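S.K.: After the sequence you'll find the predicted model.
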Amino acid sequence: MNQLDAENQSAILHLLSRVGPLSRSEIAPMLGISAPTATTQVRRLLDAGFLTEMHPTPSNGGRPKKPLKIDDAAAYTIGIDIGVDESTLVLSSLSGKILKESRCHYSSLDEMPSTIAVAVSSLESDLPPGINCLGGAASVSGTITPNAKDVSLSVVHHRANWPLARLLSLATGHSFVLVNDVQNFALWNLSFEPTRPQSFLLVSLDIGVGAAIVHDNRLLHGEKSTSTEFGHVSVDPSGPPCSCGNSGCLQVFAGVESFIQLLSHTTSHPLDSMQDARDFLDSEPRVALEKVEKVGSLIGRSVGATCTLLGLSEVLIGGKLTQVWPYLESGFTSQLTSNTSTLQQVPTVRHVDLCSLNLARAASDYALVRHFSETKSDSI
């Protein structure tokens, strides 16, 4: 199957999952494809058992329309969000509905594939007979090779040249691909949020600091898919050293672990989580608030510069650090405003839920897209 056919079939399933049953004649204009193309791709989806035809509906002259709907009992995909010491797993139907979900913990990344395999097997044991697995995708922090099989570098997981897809495929018996977590969440927003603007910046403030750039409905991957490494841009050359080898990267200020450590230096009480950090800030210690405002300013300056460079009008922000957003917002907004003075207006800022479950759901959707775009001869 060529890439265009794969994209059209995936687009048809996405469309039907969003708006419900449609006829062939309705699908074509909504996707901007020709009627013959829609007919051909629908027929292939019918032959594969992914779609079913409903009873004809009356029409104003001409042949009655036959609405098409997704057969959720036909197949499923596996989506996994890979964390440092735990992962979230979902099995999703063709329409994106979560069939099963779970979370598994592991003491090391070396034992992670086998632990995930046990969890996948447990989830699959409760599925109805006859439903087929189309493969899986793992959402992971770091740069992913173009073939979606290896992690070139993950600072969060301390791994380089990591053949994660092969490890998961061998452990589970299913074909797996990899996708950068932030980039895939951006693609998920494009697929399932039709009111989303055509261009936006998605920023993840979590253990790692990452970003995804969508411009004119296209995700910008960058050279060797490195456009996500937003956290490894130096925002203060005199700042602390970063694990990437640079100094003063945004990561050492806005990464969750670094942020908690920053606050810990201002108190004798132990801070072990973002909830501890929020409780501490709620007590309004002046010295801590000043440090937090600086972090907000550094994030705002970086986001503002990116928006100005690319002419972006909307920013989506998520991640665990947003738990203390009320204390970051003042510094962030000030710098965002001052660094976007050449734009027609200050970019709109919206918060999104970058929780592990949503990242796993986005990965399962990516697995479906990859199923259509890969040939059956692809090896594990």
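M.R.: Happy to help now that I have it.

S.K.: Other residues contacting stretch 119-129?
M.R.: 73, 76, 78, 87, 89, 91, 99-102, 104, 133, 136, 172, 174 (C-beta atoms under 8 Å, 6 or more residues apart in numbering). Glycine gets a C-beta too; all of them are placed from N, C-alpha and C.

S.K.: one more time with 6 Å
M.R.: By C-beta atoms under 6 Å, 6 or more residues apart in numbering, the residues outside stretch 119-129 that reach it are 89, 91, 100, 102, 104, 172.

S.K.: Can you select the buried ones among the residues you listed for me in ChimeraX?
M.R.: The buried residues among the contacts of stretch 119-129 can be selected in ChimeraX (16 or more other C-beta atoms under 10 Å) with this line:
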select :89,91,100,104,172
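
S.K.: and the residue most central in space within the chain, what does it touch?
M.R.: The centroid of the chain falls nearest to Phe185 when counting by C-alpha atoms, centre = their mean (2.3 Å). Phe185 is in contact with Ala362, counting by C-beta under 6 Å, 6+ apart.

S.K.: list the contacts for the closest residue in space to Ser93 that isn't next to it in sequence?
M.R.: Nearest non-adjacent residue to Ser93, counting by C-beta to C-beta, 6 or more residues apart in numbering: Asp72, 4.0 Å away. By C-beta under 6 Å, 6+ apart, the residues touching Asp72 are 93-95.

S.K.: One more pass at 8 Å, please.
M.R.: 93-95, 97.

S.K.: did I read that right, it in a strand?
M.R.: No - Asp72 is assigned coil when assessed by DSSP: H, G, I helix; E, B strand; the rest coil, not a strand.

S.K.: Now do it against Ile207, distance only.
M.R.: 34 Å (C-beta to C-beta, to the nearest Å).

S.K.: Rebuild the contacts of Asp72 as JSON lines, extending it with distance to Ala212.
M.R.: Shown next, in JSON lines, are the contacts of Asp72 (distance: C-beta to C-beta, whole Å):
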{"residue": "Ser93", "distance to Ala212": "26"}
{"residue": "Leu94", "distance to Ala212": "25"}
{"residue": "Ser95", "distance to Ala212": "24"}
{"residue": "Lys97", "distance to Ala212": "25"}
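
S.K.: In these, which residue is surrounded by the most others?
M.R.: Of all the contacts of Asp72, Leu94 has the most neighbours under the rule other C-beta atoms under 10 Å, reaching 22 neighbours.

S.K.: Tell me which residues touch the residue nearest to it when sequence neighbours are not counted, please.
M.R.: In this structure, Leu94 finds its nearest non-sequential neighbour in Ile70, 4.9 Å apart by C-beta to C-beta, 6+ apart. Listed by C-beta under 8 Å, 6+ apart, the contact partners of Ile70 are 13, 16-17, 50-51, 93-95.

S.K.: Then Leu164?
M.R.: So Leu164 contacts 82, 138, 140, 150-151, 176, 178 (C-beta under 8 Å, 6+ apart).

S.K.: try 10 Å
M.R.: By C-beta atoms under 10 Å, 6 or more residues apart in numbering, the residues touching Leu164 are 82, 109, 112-113, 138, 140, 142, 144, 149-151, 154, 157, 176-178.

S.K.: Now, those residues that are in helices?
M.R.: Those of the contacts of Leu164 mapping onto helices are 112-113, per DSSP state H.

S.K.: After the helix or strand hosting Ile213, which helix or strand is next?
M.R.: Ile213 belongs to strand 209-215 when assigned by DSSP states H and E. Note on strand 209-215: by DSSP H and E, the next helix or strand toward the C-terminus is strand 218-220.

S.K.: Please name every helix or strand in contact with whichever helix or strand comes after that next one.
M.R.: Next helix or strand after strand 218-220 toward the C-terminus (DSSP H and E): helix 251-254. Applying 3 or more C-beta pairs under 10 Å, 6 or more residues apart in numbering; DSSP states H and E, one finds that helix 251-254 makes contact with strand 209-215, helix 256-264, helix 286-310.

S.K.: low-confidence ranges in the stretch 1-150 of the chain?
M.R.: Along the stretch 1-150 of the chain, segments meeting pLDDT under 70 span 1-4, 6, 58-63.

S.K.: For it, which segments count as strands?
M.R.: Along the stretch 1-150 of the chain, counting by DSSP state E, counting those that start in this stretch, strands occupy 51-53, 68-70, 75-82, 86-93, 98-105, 132-140, 143-144.
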